[in-house]
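1. model the structure of this input:
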Amino acid sequence: MENDWEYRHGRVDPGQDENLNLLESVSVTGPEEGELEQRNNLSHSKDKSESSNVPQRGLLGMSSDSSFRISENILVSASIEISQYSFISEVISDSLSYPDIPASNGSPLLRLPSELIDLVLSFLGPIDLVAVSSTCKHLSGHGKSDLSWQRHVQENIPGVTLTSPFPCNTYRELYISHDPHWFLPKYKIWFCDYFLTGKIIITRFDPRRGCIEGYRLVAERLQPTFTPWEADDHVLIHSFKPRCRLHMDQPVLHLDALSLESVMSSSTQTKPGNLFCAETPMRIDERNNHSVFSNLLLTKPIEVRPNMQLWPPPTIPARERVRNASQEAFVGAGHKPQNRKEMSDQAFRIRRWMEMVASSHALGLHLGEEVYTYATLDPKLYTPTEEKPFRGIWVGDYSGHGCEFLLMNQPDNEEPFDEASVVQADDETLEEWEVRKREERIYRGSIKAIKLTGDPNVPRGEYTFIADDISKTGFVRTATEKQFHGARIVKSRGHVAARMFQDGEFFSIIYVNRL
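-> Here you go, the predicted model:
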């Protein structure tokens, strides 16, 4: 062999089969558990002191060096398919210890490289991830990886990019600390059934403090202007420029991130099955009255039946609806979920009351209790598209009633737009034809303006006006007046009622819209 020394480096010649016997064998071993935890950012001293029979609060799954125990309020199973193999883990209601299963004798999943195992687990939700973590010591290390838990936290806080799990040590602990309330910052916009007027709050996760908080959305009306309409001097055009902001002086909702020790302590005091039906106290310091208390209640969706009082009301499209009437102040099992499966992520309630205490040793007097039900909106309803540009949450000026928030509901058309139906006219240029096709694609269907906040005449949840057809069928004319030059005017119906929504009627009006 040429360059013999270059290939052999002064040792045996690999080109001769008999020299293979001269090589010393080296045993192949997998990574030590400590190395696995270090790779997954799990080398925390407190993990070594965790007990194998720690009770749960919400999504709490922890394992010691030798076993893993999980309480009966998580009855889940995880199913992972890898090619033709199936791995199923069932978490039994009774506390069981799960031994460390050698990869050579266990599931084919355990024989995969660590990177592939992490990739497989990245497709699991939080519940399934906890279930997989409970099967054996090897998967417990992968299941606790911060890579997976950061993703689960991040997907619930759109608009905020997390760089730290503060105030917790890991993203897994951060997820546990706010479970099962992550749906609050995920859907952001919530409106309630406050008598007649309603309210809108915007919820968010504050990474500086690690809390979930919600503030009321308000619109301030600057000085309005009144100008006569060119088409009729007796008609005044009322113009205004609202300023929308959050009322930061007083939160409506506030949930602190609980430490892992607090979670375990509260789980010990909570009876099995009471996790989701229990009320969560909120730390809200009232500026003017320190005797006001607030609790957050989870809700249970119901099957809609005739004559039921629901929130959101039938006028507003919704994935789920809950009852907003109760003779027992929403404390019965029919209003509260008994497990995670029954919990709604589309609605919640807030109970507020005053407690008058004469002295530190006397019992408080419970006064003025109120319960408000909040619901969210499907983002599709307020996200404009090319064909539905009027979708959104708008602000209307209702004179003496002030500014009110409206949902402009522009439903999808039952049939897709057929461009072949728009034929080019003989005297029409190509540009004019394209403009006409675009207008006919956009101006289709109806627009229904629904009050998210209301007033004593037309309350929240009611229609304020409806344009039944904004196509050529409802078209009146294109405005030539200076104030609305080029705008499209269509037929519509306005809702008028006396105080307390008495004698409500729809009257014919014109609706002006422009892109």
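2. show me where pLDDT drops low in the stretch 201-350 of the chain?
-> Applying pLDDT under 70 to the stretch 201-350 of the chain flags the ranges 260-273, 286-290.
3. residue ranges with poor pLDDT in the stretch 401-515 of the chain?
-> Within the stretch 401-515 of the chain, the stretches with pLDDT under 70 are 511-515.
4. try 50 this time
-> Counting by pLDDT under 50, the stretch 401-515 of the chain contains no low-confidence segment.
5. check contacts around S259.
-> P167, C168, E173, S177 (Cβ atoms under 8 Å, 6 or more residues apart in numbering). Yep, even glycine has a C-beta here, placed from its N, CA and C like the rest.
6. cool, G143 as well?
-> G143 sits next to G61, L121, L129, V130, V132, S133 when contact means Cβ under 8 Å, 6+ apart.
7. roughly how far apart are it and L129?
-> Distance, G143 to L129, using Cβ to Cβ, to the nearest Å: 5 Å.
8. same question, K188
-> Applying Cβ to Cβ, the value for K188 to L129 is 25 Å.
9. neighbour count: those two, which is higher?
-> L129 (27 against 17; other Cβ atoms under 10 Å).
10. please, which helix or strand holds that one?
-> helix 126-133 (DSSP states H and E).
11. average pLDDT for that helix?
-> Confidence for helix 126-133, expressed as mean pLDDT, is 92.
12. which strands and helices lie in contact with that helix?
-> When contacts are defined as 3 or more Cβ pairs under 8 Å, 6 or more residues apart in numbering; DSSP states H and E, helix 126-133 packs onto strand 77-82, strand 85-90, helix 137-143, helix 146-154.
13. ok so, going back, common neighbours of G143 and L129, please.
-> Common neighbours of G143 and L129 (criterion: Cβ under 8 Å, 6+ apart): L121.
14. for the residue nearest to D206 when sequence neighbours are not counted, which three-state class applies?
-> Leaving aside its chain neighbours, D206 sits nearest to E213 (6.0 Å; criterion: Cβ to Cβ, 6 or more residues apart in numbering). Counting by DSSP: H, G, I helix; E, B strand; the rest coil, the backbone at E213 sits in strand.
15. tell me who's in contact with E213.
-> The contact partners of E213, taken as Cβ under 8 Å, 6+ apart, are T203, R204, D206, P251, L253, H254, L255.
16. where does N40 land on pLDDT?
-> In this prediction, N40 has a pLDDT value of 44.
17. show me the helices in the stretch 151-300 of the chain, by range?
-> Counting by DSSP state H, counting those that start in this stretch, the stretch 151-300 of the chain has helices at residues 171-178, 183-187, 260-269.
18. so what touches the shortest one?
-> In other words, helix 183-187. Taking Cβ under 8 Å, 6+ apart as the rule, helix 183-187 contacts 155-158, 190, 203-205, 212, 214, 253, 255, 345-346, 348, 376-377, 379.
19. just the buried ones from those, in PyMOL syntax?
-> Of the contacts of helix 183-187, the buried ones go into a single PyMOL selection, burial set by 16 or more other Cβ atoms under 10 Å:
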select buried, resi 156+157+190+203+204+205+212+214+253+255+345+346+348+376+377
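20. mind checking which of the contacts of helix 183-187 are in strands?
-> Applying DSSP state E to the contacts of helix 183-187, the entries found in strands are W190, T203, R204, F205, I212, G214, L253, L255, F348, T376.
21. and which of those residues is nearest D397?
-> W190 (23.4 Å; Cβ to Cβ).
22. can I get the contacts of E213 in TSV including distance to I284?
-> What follows is those, written out as TSV (distance: Cβ to Cβ, whole Å):
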residue	distance to I284
T203	14
R204	16
D206	14
P251	6
L253	8
H254	5
L255	10
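23. distance of the residue nearest to D206 from K188?
-> 12 Å.
24. shared neighbours of those two, anything?
-> Contact criterion Cβ under 8 Å, 6+ apart; residues shared by E213 and K188: T203, R204.
25. picking that back up, what's the farthest-apart pair in the contacts of S259?
-> Of all pairs in these, the most separated under Cβ to Cβ is P167 and E173 at 9.4 Å.
26. these two - which one has more neighbours?
-> Legend: neighbour count by other Cβ under 10 Å for P167 and E173, higher for E173 (22 against 17).
27. so the more buried one is in contact with V153, correct?
-> No: using Cβ atoms under 8 Å as the test, E173 is too far from V153 to be in contact (10.3 Å).
28. R391 is in contact with L381, correct?
-> Yes: using Cβ under 8 Å, L381 makes contact with R391 at a distance of 6.6 Å.
29. between these two, what contacts are shared?
-> Shared contacts of L381 and R391, defined by Cβ under 8 Å, 6+ apart, comprise N409.
30. show me what the helix or strand harbouring Y374 is packed against.
-> Using DSSP H and E, Y374 maps to strand 365-376. Secondary-structure packing of strand 365-376 (3+ Cβ pairs under 8 Å, 6+ apart): strand 189-192, strand 347-356.
31. distance from stretch 151-165 to the middle of the chain?
-> In terms of Cα atoms, centre = their mean, to the nearest Å, the centre of stretch 151-165 is found 12 Å from the chain centre.
32. measure it end to end?
-> 12 Å (Cα to Cα, to the nearest Å).
33. give me the contacts around that stretch.
-> Contacts for stretch 151-165 (Cβ under 8 Å, 6+ apart): 122, 125-126, 129, 146, 150, 171, 173-175, 182-183, 185-186, 188, 204-205, 207.
34. from those residues, keep the buried residues only.
-> 126, 129, 146, 150, 171, 173-175, 182-183, 185, 188, 204-205, 207.
35. tell me how far the residue lying closest to A497 once chain neighbours are set aside lies from G198.
-> In space, and not counting its chain neighbours, A497 is closest to G504: 3.5 Å by Cβ to Cβ, 6+ apart. Plainly put, G504 is 17 Å away from G198 if you go by Cβ to Cβ.
36. same thing with G334?
-> To G198, G334 is 24 Å away according to Cβ to Cβ.
37. and the angle for the strand holding Y374 with strand 347-356?
-> 160 degrees (axes from the mean of the first three to the mean of the last three Cα atoms, to 10 degrees).
38. pairing partners for strand 365-376, with directions?
-> According to DSSP bridges, strand 365-376 has the following sheet partners: strand 189-192 (antiparallel), strand 347-356 (antiparallel).
39. among these, show me which one is buried the most.
-> Per residue and on average, the most neighbours among these fall to strand 189-192, with a mean of 24 (mean count of other Cβ atoms under 10 Å).
40. give me the mean pLDDT for that strand.
-> 98.
41. show me the contact partners of it.
-> Contacts of strand 189-192 (Cβ under 8 Å, 6+ apart): 184, 198-203, 214, 311-312, 348, 350, 372-377, 382, 393, 405, 452-453, 460.
42. how close does K437 get to F417?
-> With distances taken as Cβ to Cβ, K437 is found 9 Å from F417.
43. what do you get for K448?
-> Going from K448 to F417 by Cβ to Cβ gives 20 Å.
44. who has more neighbours, the two?
-> K448 (21 against 14).
45. so which of the ones in strands among the contacts of helix 183-187 comes closest to E355?
-> Closest to E355 out of the ones in strands among the contacts of helix 183-187 is L253 (19.4 Å), distances taken as Cβ to Cβ.
46. so what's the closest one up against?
-> L184, I201, T203, I212, E213, G214, M282, I284, S294, L296, I350.
47. with distance to S399 as added columns, please give the helices and strands packed on strand 365-376 in CSV.
-> Conversion of the helices and strands packed on strand 365-376 to CSV gives the following (distance: least, Cβ to Cβ, whole Å):
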stretch, distance to S399
strand 189-192, 22
strand 347-356, 30
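48. nearest to D412, of those?
-> When those are compared by Cβ to Cβ, strand 189-192 sits nearest D412, at 20.3 Å.
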